Structure formats: structure tokens, C-alpha cells
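**Q** return a 3D structure for these sequence lines:
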Amino acid sequence: MPLLPDTARQVDALVARAQAEGRAPSLALGVVRDGTLAHLAVAGEHPRPDADRQYRIGSISKTMTAVLVMQQRDAGRLALDDPLERHLPGTPVGALTLRQLLGHASGLQREPEGSWWERTEGVDLATLVAGLTPDKIAYPPHHVYHYSNLAYGLLGGVLERITGTAWYDLLRARILEPLGMRRTTYHPAEPYARGYVVHPWLDTLREEPRTDTGAMAPAGQLWSTVEDLARWAAFLADPAPDVLASGTLTEMCGPVVISDLDSWTGGHGLGVELYRVGDRVYVGHGGSMPGYVAGLAVHRPGRTAVVDFANSYGLRGGHHIVGLARQVLTLVLDAEPAAVPPWRPAAAPPPAALAELTGRWWWMGAEYELRPDGSGDLLAGPVGQPVLRFAPEGPDRWRGRSGGQDGELLTVIRDEAGRPVALDIATFVFTRTPDQEP
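**A** You can find the predicted model right below:
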């Protein structure tokens, strides 16, 4: 569904201002809702952007590398707490774990040795690993957040060693093709925007090189379009189960480390950045390569996201490409909240084994309710707030699937006549009346 006209005008104005004040040759932004590109806002004429023009996405590539790692974890080929040594033997930083590397909590230094990897032709994996020394650990592991591009070069090496497949070939087979991301490529493919550094006083442009970053490619090599990155944003909001299990993506979005210890407005999960904006938490990532910046911000509960690109190395005037994505995302969520689905009567009564558990229950003087949700699960919680979900696991056994009871067991206790008289939820016993002894 497209944005309402007033919302679209506000988004267009923000993009125009960011391009003009930020002095970007061109800027493109897409709003994604319910899995589709709902609005495209563009500004600048060098070149004129559209939804199919490629820009370099830089470190947004890391989010895809992380999903590849989680696919291998789910397949049983690695564990997140494996030391790097298990998959890249002989490295002097081999005690660092894959979890720490994914979450930028390893303490590993930010860049590999040698010339700036983003602007020079890359080396192969053997050369990258050979350049490691024990002093590459800048901080004690899991002591503080310390962003590391080098960590993702090593994670790409782990993927190649485990699968026997080059990183981009694996990415294409396991992510890009299944999601229809045909315009996300290793090298630029026309039409694409050339990338520039804008002179601070003369407003002239210096075109930047478009390098093959070699073993560091998993950290930032990729090129993409608004249309393609919108598909990736939609996946991060609601993953395709044949690519990654929903529970695994939720796991990736939990904090590994907080990057802002003063106000807790930012952190990092397993390959995704976490941003707190008011009462909402967005997931996503920023990206930059010489001549380019890119942003991705996703509100998973609202199935809404923003992607944006500019073909300049940074924006001027206090503008920031990821900040713009978050600003537009907040605007859209505030202006157009998700529609409240209408209540509909049940098509049929629930099964007897479920129906007899519904209604009021008491624990420690407080009243709770259980009700069916139409799928065979039980919803539970304070009266009027049944926010906990339990799924059937066997006769008189239900397993928690949300909130503080996630994974906990609900057991039905029956009297001699077979009537349910109590519920044991992780040793907390709920009864049918407030004065009944638990």
C-alpha cells in the first residue's frame, strides 16, 4: 500500500533537504511496508536515481554474511561459541568466538594490516590470516563494543572453510537467488551510480575507485538497488523460512553488546545494529565505501523499513544516511500506524481439551485468564492482557512460546474426576478460585 499523500510529501521533503544540505550528487530512499516497496523518494541529478540503479552498500553486506553464518549454525556445522581456531586453525587470535566476532564484542582491531582495504585491491584469505598477530586484539574480548571490519573478513573465511564454497557464490545460492535479489552483485552492473568525494570548498567531485576487496568482501563488497535492498529489509522484518527460521532471526536481533553505555540507544546483535528511538527498537546497519554511504533501518513489529543510498563519501551539514533512514522510519510509523485488525467470531468452538482450560485462574491473589487463539495455542496473562502464548506439547502439557514463560512448561493438574483444577507453570500453581490452596 502506498504512503498517504501527506506522509509522502514529508518524506520527499526530508530526502530533498538531506541531498541539498548534505551536498550529495544523488540520494535515493525507499520505504518498505508489508514486504513491498511502498514509496521511492529521490533527489539529485548526478545521476538521477531510480529504484533499479545500483549503489555500493558497504557494511550492510555484513548483515548477509551474518545470516550465512546462522544458516550454518542451524544446519549443525558450527556453534556460535566455537573458537575461531576450530574453523581457521593456526591463527594467533583463535580463542575469539564466532559469537564475539558477529557482535563486535571480540576486541579485534577494526581494520586488517596494510593499505586501507576499502580503497585498494584485496588480498586472498591466506594472506589475510597470515597478517594476524596476537596484538590485533585491541580490547579484552566482550569487555567493550569495538567495531571490527576484520572480524567479518575472518567470518567469511570460516564460511568458505566449512562449505568449500566462495563467499559470494554461497551468498548468491543461499540468499540472493531465493529472495529474488538479482541486482545485488559483487561488482557493479549498469546502471550504477559512480561514487565521489565532494570537495569541502569547491563543490567539485573526485571519483573514487571501485575495488575488489578480496578476503574482506564479506565486510563490505556488495552493490545493490533500492528495489533489491527493500527485499532484504522485508526479509529482516519477516524472514522467508526456507532461507532462515524466524526464531533464528529473532535471536540475531537480541543484543550481544550495548554500544552506547550512557543512554542505551544503540547496540549490536548477531550481525545487525540495534537502534532505540523512543519506545521502539529498530534493527539494521549502516554502510560506507569510498564514494558511497547506505542505510537500512527496520521495525520488525510494524513490518516497516527504510533503505537509502547516496553516492558521496558522507553527507555534510549534520546529515547522516542511517540517521535519515531512522528519521523517515519514525515519521512513517507515527503518521501511519498499522491498522487494527477487526475482531471476528470463532468459526467453531475450540477442542474440548482446550476449552476446559479457558477462563479465569488465580495465583497469589491476582486474577489471570486463558483463552484460545484460533490456532490451537493458549493465550494467557492478566485479565484483558493475554500476552503469553503456550503451544500444545502432549496430553496436559503446554510449552511457553513468548515472554517470561518462553520455554517453560505448563502442566494441567486434574482431580479424581478428571477435571482441571490447577495449572503448574514452572512451579507457580494457578487455581480456579483465589482462596484455593496452590
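**Q** tell me which helix or strand of this structure sits lowest on mean pLDDT?
**A** helix 352-355 (a mean of 86; mean pLDDT, DSSP states H and E).
**Q** what mean pLDDT does the very next helix or strand once past it get?
**A** Proceeding N to C from helix 352-355, the next assigned helix or strand is strand 359-363, under DSSP states H and E. In this model, strand 359-363 has a mean pLDDT of 94.
**Q** please identify the buried residues of strand 359-363?
**A** By neighbour count on 16 or more other Cβ atoms under 10 Å, the buried set for strand 359-363 is 361-363. (Glycine included, C-beta is placed from N, CA and C.)
**Q** repeat that for stretch 334-351.
**A** Of all the residues in stretch 334-351, those buried under the rule 16+ other Cβ under 10 Å are 336, 350.
**Q** can you measure across it, start residue to end residue?
**A** Using Cα to Cα, to the nearest Å, the end-to-end distance of stretch 334-351 comes out at 40 Å.
**Q** quick one, phi/psi of the closest residue to residue 324 other than its chain neighbours?
**A** For residue 324, ignoring the flanking residues on the chain, the nearest one in space by Cβ to Cβ, 6 or more residues apart in numbering is residue 18 at 5.1 Å. When read as degrees, to the nearest 10, the backbone of residue 18 gives phi -60, psi -40.
**Q** likewise for residue 135?
**A** When read as degrees, to the nearest 10, the backbone of residue 135 gives phi -80, psi 10.
**Q** what does residue 434 give?
**A** Main-chain dihedrals, residue 434, degrees, to the nearest 10: phi -70, psi -20.
**Q** what about it, neighbour count?
**A** Residues lying near residue 434 (other Cβ atoms under 10 Å) number 13.
**Q** ok, it - contacts?
**A** Contact analysis of residue 434 by Cβ atoms under 8 Å, 6 or more residues apart in numbering lists 362, 365, 367.
**Q** do you know how far the closest residue to residue 355 other than its chain neighbours is from residue 434?
**A** Of all residues not flanking residue 355 in the chain, residue 349 sits nearest, at 6.3 Å (Cβ to Cβ, 6+ apart). Separation of residue 349 from residue 434 (Cβ to Cβ, to the nearest Å): 27 Å.
**Q** again with residue 179
**A** 52 Å.
**Q** likewise for residue 71?
**A** Plainly put, residue 71 is 49 Å away from residue 434 if you go by Cβ to Cβ.
**Q** equivalent analysis for residue 259, please.
**A** 46 Å.
**Q** with residue 334 instead?
**A** 42 Å.
**Q** again, but for residue 371
**A** As defined by Cβ to Cβ, residue 371 lies at a distance of 19 Å from residue 434.
**Q** what of residue 249?
**A** Per Cβ to Cβ, residue 249 is found 41 Å from residue 434.
**Q** now do residue 246
**A** Taking Cβ to Cβ, one finds residue 246 at 38 Å from residue 434.
**Q** equivalent analysis for residue 288, please.
**A** Using Cβ to Cβ, residue 288 is found at 60 Å from residue 434.
**Q** also residue 192?
**A** Distance from residue 192 to residue 434, by Cβ to Cβ: 68 Å.
**Q** then residue 236?
**A** Distance, residue 236 to residue 434, using Cβ to Cβ: 45 Å.
**Q** next: residue 286.
**A** According to Cβ to Cβ, residue 286 and residue 434 sit 53 Å apart.
**Q** for residue 363, same thing?
**A** Using Cβ to Cβ, we find residue 363 at a distance of 9 Å from residue 434.
**Q** same question, residue 366
**A** Using Cβ to Cβ, one gets 8 Å for the distance from residue 366 to residue 434.
**Q** repeat that for residue 206.
**A** Taking Cβ to Cβ, one finds residue 206 at 75 Å from residue 434.
**Q** ditto for residue 360
**A** Counting by Cβ to Cβ, the gap from residue 360 to residue 434 is 9 Å.
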